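In: Kindly generate the corresponding structure for this input.
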Amino acid sequence: MNVTVSLNWKRWLACVVLAVAADAAVLPLARPIYPPLHVRYQYAPLAYAALALGVSSVRADSRRRTSFAGAALGFVVYGVFNGTELTINDAWSLRTAAWDTLYGSILCLALAHATFSV
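Out: Okay, the predicted model is just below:
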């Protein structure tokens, strides 16, 4: 698979908007899976900007391969985050980590798929 990394601002912006929309729709439904969280929303743009930068920068020679690369990136990003949470946060369970890593992998697959033609 030939994967290139390049910055496309339109794809980045589309990823930011779609990721925020997906989280706004899915995370309230998944609230019972997560331990009580004190969310500091003012820092959310940093996370969304970084995630969108990663997903929007990866592009392969087909939509299917780009989607797979997005899923792989999501697995790595969310896997590192959840591994860290399991290490430092007693309230973070293996169930929470597994769900969140799966969600992040699917989210990044969907973002890469949806923005392939942008």
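
In: all helices of the chain, in order?
Out: With helices called from DSSP state H, the chain shows them at 9-30, 44-57, 63-88, 94-114.

In: what's the closest of these to V3?
Out: helix 63-88 (5.4 Å; Cβ to Cβ). All C-beta spots, glycine's among them, are computed from the backbone N, C-alpha and C.

In: Work out the gap between the closest one and the centre of the chain.
Out: Counting by Cα atoms, centre = their mean, to the nearest Å, helix 63-88 is centred 7 Å from the centre of its parent chain.

In: What are the buried residues along it?
Out: 65-75, 77-78, 82, 85 (16 or more other Cβ atoms under 10 Å).

In: Tell me which other helices or strands that helix touches.
Out: Here helix 63-88 touches helix 44-57, strand 58-60, helix 94-114, going by 3 or more Cβ pairs under 8 Å, 6 or more residues apart in numbering; DSSP states H and E.
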